[in-house]
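**Student:** following is a predicted model, sequence given first.
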Amino acid sequence: MKLPELFRAYLLSSKALSRATAKNYVSDLRKFLVWFEESFRKPFQSRNLTLDVITLFQKSGGKIITADTLGTLPISRRSFDRYSSSLRKFAAFLSEEGYIDENPFDQNKTLSAEALAK
């Protein structure tokens, strides 16, 4: 099973989220995975989810990284918040299921939308 499907099953098993929220989180994850694979020109592996990669995704607004997009403005606050929430849940899933040793969001407990948006 692929990561998006495993993530969806994880979200639905917790019963803390509605089906609609789980669907949106998986959609956000798929966008992130496409962004990663096209920007870095390699398949995503769990260990690639680092704080630096998350920050770069958010600052690029989900646009594929090229020389032309390095200076783009951050995504809107509302989109940023949802992507952050989706990626936090995905990181928790990867950590809890043993795909990564450490949740990148736990590396800096003071990580906030304001800090990443700078």
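**Tutor:** Looks like it arrived, so ask away.

**Student:** quick one: average confidence on stretch 57-74?
**Tutor:** Stretch 57-74 carries an average pLDDT of 67.

**Student:** tell me which element the residue nearest the centre of the chain is part of?
**Tutor:** Nearest residue to the geometric centre of the chain (CA atoms, centre = their mean): Leu87, 3.1 Å. Assigning secondary structure by DSSP states H and E places Leu87 in helix 77-96.

**Student:** list of residues touching that helix?
**Tutor:** For helix 77-96, the external contacting residues (CB atoms under 8 Å, 6 or more residues apart in numbering) are 6-7, 10-11, 24-25, 28-29, 32, 46, 49, 54, 57-58, 61-62, 74-75, 99-106, 113, 116-117. All C-beta atoms are positioned from the backbone trio N, CA, C, and that covers glycine.

**Student:** just the buried subset of those, please.
**Tutor:** Applying 16 or more other CB atoms under 10 Å to those, the neighbour count classes 7, 10-11, 24-25, 28-29, 32, 46, 49, 54, 57-58, 61-62, 75, 99-100, 103-105, 116 as buried.
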